[in-house]
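Student: got a structure for you, letters missing:
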C-alpha cells in the first residue's frame, strides 16, 4: 500500500512539473507578448507597427506557429504618453502572464516602463527607439531595433571613404552632444577625404547655406533627426551639391516633402524596402499578409517596419527551441549573426551587440523609384 501511494505521488508530481516550472507567459499552445503603442492620439500612425506585427504573427500561427505554439501579442494604447505607458503596463502585468515586451514604441514611453521590466525581469525585444542607452552600455535583457545616430554616422563614413576618395565635403549637424558624438564616429571612418564641420545653430539656416555655397564642397553630409534635417533641407538653395543623410528621410514621400529639385540631390540610408519598391519579394509577401490578416491596414513605411521586426522576433523564437525560457530567448537573439529575413538587411547580434539595425545601403529616392548606390554597409 505504501509503495502504491508513493507511486501515485510521484506520477502526480511528474504530471504537474511542466506547469510548476513553466516560464511565465509560455503555455503549451501559446506565447504571450505585450507592446506599448499609440493606438490613439496625434502619434497614432506609429501604431501601424504593432498592428502589422500582429498580422505577421497570425500568418505564422496559421503555418503551425513556432515549435507548435501560437504567438499572442497584447497591445497597450499609451498614446505616446510615458505615464500612461507605465500605468497600463503595470495593470496588465499584474493580471496576466507575460513572456516579454516586444517592439515598445517611443523613447520616453519605454524609459517610463523600463524600471518595471527590470524589476520583473521581463526582456524587452527590439525597442522602437534610437536612444543609445538601450544598447550602450549593453543591457542583458534589452535589444534595440532602430539605429543610433552614431551607427548611421559610421555607415556614412565608410561609404564616403569607399566612394569619394580625394573629395571635399562639409558635415552639417545640430550642435548637441548626440550629433557631436556622431561627427566623431563618422570622421573616424574617413581616409583620404577632407571634411569641414558646420555646427548648426537656431536661426542661422540662411547664413549656413550661404557659407556652404561659398565653400562649394563636392558634397554635403546632413546629420540630425527628422525635424532637424527637414528644416535644414527646406532652406536649400538651387545649388548642385549632392547631400547625404541618415534613414529618417527614407520614405517614398520624400519627393512630396522636399520637391523634386531638392530631393533628387538627396541620398538617404535605407534598410527594409520602401513602399514604392513594389517588386521586392518581401513586400509582395507583406501585401498578401495584410490583405488576409489586416485588410483595413494600408501598406506604408510603418507596416513594413512592423512586419520586419516581427519576422526577427519569430527567428529568435525558432532558435530558442521548444523548451522556451526568457534566458534561452536572450541567448538565441545573441546567436543571430548575418541573418537576413524577407524584409530586413543582414542582422548581426551577439553578446556584445544588442542593436538589430546596423546595416544600411545608400539610396536615392525619385518619383516611383529607388536606386541603391551601394551594397550593405555595417555600422556597428
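Tutor: Nice, I can see it. Keep in mind the model is a prediction, meaning the values are calculated, not measured.
Student: Please count neighbours and contacts with C-alpha atoms only from this point.
Tutor: OK.
Student: which residues of the stretch 1-150 of the chain score low on pLDDT?
Tutor: Residue ranges of the stretch 1-150 of the chain with pLDDT under 70: 1-22.
Student: show me where it has strands.
Tutor: 30-37, 70-77, 100-102, 124-127, 142-144 (DSSP state E, counting those that start in this stretch).
Student: May I see the buried residues of stretch 112-120?
Tutor: Neighbour counts using 16 or more other C-alpha atoms under 10 Å place 112, 113, 114, 117 of stretch 112-120 among the buried residues.
Student: of all these, which two lie farthest apart?
Tutor: 112 and 117 (9.8 Å; C-alpha to C-alpha).
Student: what's the overlap in contacts for the two?
Tutor: Here residue 112 and residue 117 share no contacting residue, scored by C-alpha atoms under 8 Å, 6 or more residues apart in numbering.
Student: Which of the strands of the stretch 1-150 of the chain sits closest to residue 341?
Tutor: Here strand 124-127 is closest among those (C-alpha to C-alpha), at 15.2 Å.
Student: just to revisit the earlier point, ok, of the buried residues of stretch 112-120, which one's closest to residue 331?
Tutor: Using C-alpha to C-alpha, those come closest to residue 331 at residue 117, 18.1 Å.
Student: Name the nearest residue to that closest one, sequence neighbours excluded.
Tutor: Nearest non-adjacent residue to residue 117, counting by C-alpha to C-alpha, 6 or more residues apart in numbering: residue 123, 7.0 Å away.
Student: Provide a list of residues in contact with the one you found.
Tutor: Counting by C-alpha under 8 Å, 6+ apart, residue 123 touches 99, 100, 101, 117, 141, 142, 326, 330.
Student: buried subset of those residues?
Tutor: Buried among the contacts of residue 123 by 16+ other C-alpha under 10 Å: 99, 100, 101, 117, 141, 142, 326, 330.
Student: Check the gap between the first one and residue 59 for me.
Tutor: So that's residue 99. 20 Å (C-alpha to C-alpha, to the nearest Å).
Student: same question, the third one
Tutor: Distance from residue 101 to residue 59, counting by C-alpha to C-alpha: 20 Å.
Student: just to revisit the earlier point, what's the closest of the strands of the stretch 1-150 of the chain to residue 304?
Tutor: Per C-alpha to C-alpha, nearest to residue 304 of these: strand 124-127, 14.9 Å.
Student: Listing partners with orientation, what would you give for the closest one?
Tutor: In the sheet, strand 124-127 lines up against strand 100-102 (parallel), strand 142-144 (parallel) (DSSP bridges).
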